[in-house]
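Colleague: from the sequence below, what's the structure:
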Amino acid sequence: MARFSALTSDSSDDEQTPYTSQDAHKQPPGSPTRSVDMDQVSQGSGSEEDEDIEVDEEDEEDESEDTSHMDEDDLAVEKAPVPRPRNHALVEDSDGEIQYKHTHSRSTSSTSSDSDSDDARRRGATASWVGRAGIDVQKMHVMQTSLFRMPEEAAALQAMNQPIRPRFKLSPTVSRKHSRDSVGDGRLDSQERISFAHDIDHPVYRPSRKYARVDISDSAVAGNEGALADAGLALGRAFRVGWSSGGSLVHLGQLCGPSSQVQTSANSSVVTKTRVPFFSEPPEETSNRLSRLLQHHLSKTPIVKDEDGIPFADPSSELCFSSFTSLYPKSDSSYEASLFRLGHALFDSMELHLGQDVTVDLRNRIASIRRKAALSEWLGDVVTSLVDADLRKQSSADLAAPIFSLLSGYQIDKACDTAMDSGSVKLATLISQVSGDFEFREDLREQLQLWREQRIDVHVSVSIRKIYSVLAGSLDVLEGSKASSLERCPDVDPLEGLDWKRTLGMYLWYVEPMDASIAQVYKSYDRAARESPSRVAPPRPHYMEGAPSQKLAFHIPSPPPSDALFSLIRLYADPACSLSQILSPLSFGPSPADYSFPWHLYIILSRCMRIRDLSDRGESEHVEEMDEDVSGRREGHSPSADLLASYYAQQLEQLGMLQEAIFVLLHMEGSAGRERAIRDILHRSADNLDEWMCSGILGSLKIPLAWVNDAKALYAISQGKVFEAYELYMAAGLYQSAHDLAVVELAPEAVIRQDFELLTSLFERMASQSIDGWHLKGKAYLDYAHAMTRLPELDASLSDAAVPDAVEESELESLARAIPRLMGILPDMLYLQSDPRHKVALAEMMAGLTAVLDQVKPLALAQSQVRLTGMDEATKLRHIQTTALERFMRSIQVS
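Modeller: Numbering: from 1, shown residues only. Now for the predicted structure:
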C-alpha cells in the first residue's frame, strides 16, 4: 500500500499558522494570473501533457512594466517565458512515495528526454545572462555543485513560489486529513471544506446517556401497576418525590443532604410520608401572626382581572410600612414590629412642610436629615432592652460602666443624670456636649494622648477611657501607656461587648458628623466590619444573638446571612442592592423555608412603593403603555416573584389557611402560572371546600366558579360520587368534562337499566354546546334513546292507522336508515374493555337496536354496508332467523 509523505501544507509548522481571510485563489497585486488545469494523477504517468501551463502574456507584460527594475537588454532575454512547474500535480515514485511531479521529473531526468531539453534550455538562458554580467560560468557551476543540492533547492524554491493556502485550525479532537499511524493524527472526511467560503462546523457534543427512555409496551411495569408488594415496581415509572397537601413529602428511603450518611437504602418497597416543618414557631401562634398581616393586606388590595381574564391581586400604593405599623401597639417590641417600624423610618414618604420656592437640593438635604433622625430614633428604641440588660448585669463598684452603657444606647439624658448622681460633674458636662464640633472632639483626643504620654491612663478606669474615646469620635482600639509592669496600662476597645445595632449606633451618633448621610454611616460601619471582623460585631440574625435558649431545629450555614434589619438599612444606603440580595428566609428567622416576611417586604418595596425590585426582572414588552398600566406589570416578568408567592402559599396551605394561600397566589405575575397554581391548590384541598370556604373564595377573592367546581368534582369522583361530579361540572359550565364523565361512567349504567329518560337528560342539556367528539359519543347516546323510544311508537301508529301518515312514514324510513350507522360506531364509543359495564352496555345496545329494527325493517341491516361488530351470538341468531323469515315471506308473496 502506498505510503503518503508529509506535505508542506500539512506540516506541524503549517498547522500553527493562524487562519487568514485571504482568498486562496487571489494573487498578490501585480502578479501574473495563471490558469492551471488539475488532472487526475495516475500511477506511472509521466507525460509532459500533465505539466502544461497557460500563461496570460498580457498580464505578464503588465507585471514587467510595474515591478521590474532591470535594463531593456535584460528584459529582452527574459521575454522568453520559462515554463514553471505546477504546484499541485502529484505522482507516486518507485518507492511508493507521493511527490510533486516536477520534483519527481528532475530526480528521474536521466530517463526523460523532455526533461533534459528543458534543463538545457534553462541553463542556456542562465548562461547568456551570466556572460553579459561578466561571471565565470565554470567557476559558478563548480561552486553551485559543491554547496547546493539541486533537487532540494528546486523543491524549496517551488514551495516558496506556492501561494499560501489559508488553513482552518481544527479542534484538537478533530484528526487531520492525511494521517499517519506513527502520529495518530487523522482528520475526519466529513470535516473537509468544500470551499473557503464554507466554514467547518464544530462537532456537536453529545454526552453519553446511561439511561434511556423505555416505551410503556416494553417496560417491565406494564401490567404490573397493581403490584403493591413492590412499591418500586408499581410506582417506579410515574412516581417522583413530590409535595402533597399540608407540606407532606412522599418519598422512598430517607431524606438526606448531599454529604449526609444514611442508614437505609432507597431501593425498598417502603413509601414514607414525611411532614416537613416550615415554621419555627407553634402553628397556632404562626397562624394568628400571618392572618393579621394578610387580612390587612387584603383590605388594601383590589382583585381585578388581567388581560387574559384571570383574577389578579393588584396591591394599592396605600399598602406601605406605616399601614402595617398601625397593627402593633407602641409597647410591642417584637421583631416583626421593629421590622415594619424601620421600613417606615427609611422608606415611607414624609411631609416636609416646605414652601413651593424651596429648591430640590435643599428639599433632598432636609429629607436626608429627617431620615437620619428617624433612623436614630428607631435605633435608640430597639437597643433599649439591650442597654437595660447590661445595666442589670453591672456591679456597683464601677460607677462609670452604667454611663457607657447608656451612651451605647444614645440615652444622653440618663447618662448625664447618672454622672451627676455619681459626683462626676465634669464628665456630665462633657456628655452633654456629645456630637459636638470638631474642636471638642480634638480636645478629647489630646486629653487621651496626654494621659498615655504621661502614663496617667493606668490610674483611669477602663469605662472612663471608653467614654472619652466615644466622645472623641474614635472607636479604634485605645492604646495604653507602655511602661513597667506597675505602670503598664492595657489597651481598651470601645466596641467590646456591643452587638451590631449598638455598634452601628456608635458610628451614627458619635463617629460621623451630624450632617452625614445614612449611606456614609453604613459605609463606615461596613468598612470597619471588613477590616476588623474580630472587633466589630457582624449583623448576625436576631435568633443567633447571645446564647440561644434552645437548640435550633434547622441547620444554619456559616457564615449566617445578615439580619433583616441590617439588610433594610443596606437597601436604603446602597443603590446597587436589589431585593434578591436581602430577602433570605434565614435573615428573618431560623427556618430556611419561611418566606412570609420576604414576600410581604417584596410586595411593599417592589409592587406598592416601587423602591427596589428583584434582580431577575425582565424588560417590559409594552413600553408605550407604562404610564397607563395599573395592574402592577410595568416591568417584565420575574420568576423569583412567582417563586416567593408559591413558597408562601405552600406554608399557608400547611397551616390550613386555604383562603389566605389563594390570595397570595393571586399575586403571581404570569396568567397561566397563576391559574395553574390556584387550580392545583384547590384540587389538593377539595375536601375542605365547604360552604363557608367557598363563599370566601368566590366572594372576596373572586375565583371563578368553574375552578372551584372542577376541584370539587374531582374529589367527588375519587369518593365514588360520579353523578354529583357530573352536576358540579354542569353547574360550572364545564360541558366538556361533564360530557366525558357521562359517556364513560353514567351512560353505560343508564343503558343497562334501560333508563332512556335519564340517558336523554344526561346529554340533552349540552346538545347546543361545542364539545369535542359530540357526534361520536354524546349524540350517539341521544340517537340510541330516541330510536329505542320512537321506533315502536311509529310502528304502532302506522299499523293502527287506516291511511298511513306520510310524515310518520318518512320519519320511520329515516330512523331505519340511521340505525345501522349508529350500530357501526357503538364499539368505538364503548371502548373500555377493562370496564365490564361497557361490554354489557354494548351488547344491550346492539341487541335492542337490532330487535326494534327487525320488527320494523327486517332487511335493513342486511342491505346496509355497515360492518357490525360487538353483537353477541344470541342477537346474531335472532337477526338471521328474522331476516330469513322475511325473505321467505316475500318470496311467497312474489310467487
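Colleague: how much space between Asn655 and Thr301?
Modeller: Slight slip there: residue 655 is Leu, not Asn. Leu655 is 20 Å from Thr301, where distance means Cβ to Cβ, to the nearest Å. Every C-beta, even on glycine, is put in place using the N, C-alpha and C of the backbone.
Colleague: same deal with Ala750?
Modeller: For Ala750, the distance to Thr301 (Cβ to Cβ) stands at 48 Å.
Colleague: convert stretch 846-861 to CSV, retaining C-alpha atoms only.
Modeller: This file holds the C-alpha atoms of stretch 846-861, laid out as CSV (Å, rounded to 0.1, in the frame of the first residue of the first chain):
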residue,chain,number,x,y,z
MET,A,846,-76.7,-3.8,19.8
ALA,A,847,-79.5,-6.2,20.9
GLY,A,848,-82.1,-3.5,21.4
LEU,A,849,-81.4,-1.7,18.2
THR,A,850,-81.4,-5.0,16.2
ALA,A,851,-84.7,-6.0,17.8
VAL,A,852,-86.6,-2.8,17.1
LEU,A,853,-85.2,-2.6,13.6
ASP,A,854,-86.0,-6.2,12.8
GLN,A,855,-89.5,-5.6,13.9
VAL,A,856,-89.9,-2.6,11.6
LYS,A,857,-87.5,-3.2,8.7
PRO,A,858,-86.1,-6.8,8.9
LEU,A,859,-83.9,-6.4,5.9
ALA,A,860,-82.4,-3.0,6.7
LEU,A,861,-79.3,-4.4,8.4
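Colleague: averaged pLDDT, it. What do you get?
Modeller: For stretch 846-861, mean pLDDT is 79.
Colleague: one more: stretch 594-613?
Modeller: 94.
Colleague: now that stretch: buried residues?
Modeller: With burial defined by 16 or more other Cβ atoms under 10 Å, the residues of stretch 594-613 counted as buried are 594-609, 612-613.
Colleague: swap in stretch 457-470?
Modeller: Of all the residues in stretch 457-470, those buried under the rule 16+ other Cβ under 10 Å are Asp457, Val460, Val462, Ser463, Ile464, Arg465, Lys466, Ile467, Tyr468, Ser469, Val470.
Colleague: of all pairs in those residues, which one is the farthest apart?
Modeller: Farthest apart among the buried residues of stretch 457-470 by Cβ to Cβ are Asp457 and Val470. That separation is 15.6 Å.
Colleague: would you map the helices across the stretch 651-800 of the chain?
Modeller: Counting by DSSP state H, counting those that start in this stretch, the stretch 651-800 of the chain has these helices, from start to end: 658-665, 671-684, 691-699, 705-718, 722-732, 735-741, 747-752, 756-764, 778-800.
Colleague: quickly compare these and say which is most buried.
Modeller: The highest average neighbour count among the helices of the stretch 651-800 of the chain, using mean count of other Cβ atoms under 10 Å, belongs to helix 658-665 at a mean of 25.
Colleague: now tell me what touches that one from outside.
Modeller: Residues outside helix 658-665 that contact it (Cβ atoms under 8 Å, 6 or more residues apart in numbering): 290-291, 294, 297-298, 313, 599, 645-646, 648-650, 652-653, 674, 677-678, 681-682, 685, 688, 693, 696-697, 700-701, 703.
Colleague: send the alpha carbons of stretch 879-892 over as PDB?
Modeller: What follows is stretch 879-892, C-alpha atoms only, in PDB (Å, rounded to 0.1, in the frame of the first residue of the first chain):
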ATOM      1  CA  HIS A 879     -81.400 -11.500  13.400                       C
ATOM      2  CA  ILE A 880     -80.600 -14.300  11.000                       C
ATOM      3  CA  GLN A 881     -83.900 -16.000  11.800                       C
ATOM      4  CA  THR A 882     -85.900 -12.800  11.300                       C
ATOM      5  CA  THR A 883     -84.100 -12.000   8.100                       C
ATOM      6  CA  ALA A 884     -84.600 -15.500   6.700                       C
ATOM      7  CA  LEU A 885     -88.300 -15.400   7.600                       C
ATOM      8  CA  GLU A 886     -88.800 -12.000   6.000                       C
ATOM      9  CA  ARG A 887     -87.200 -13.200   2.700                       C
ATOM     10  CA  PHE A 888     -89.200 -16.400   2.700                       C
ATOM     11  CA  MET A 889     -92.400 -14.400   3.200                       C
ATOM     12  CA  ARG A 890     -91.500 -12.000   0.400                       C
ATOM     13  CA  SER A 891     -90.700 -14.900  -1.900                       C
ATOM     14  CA  ILE A 892     -94.100 -16.400  -1.200                       C
END
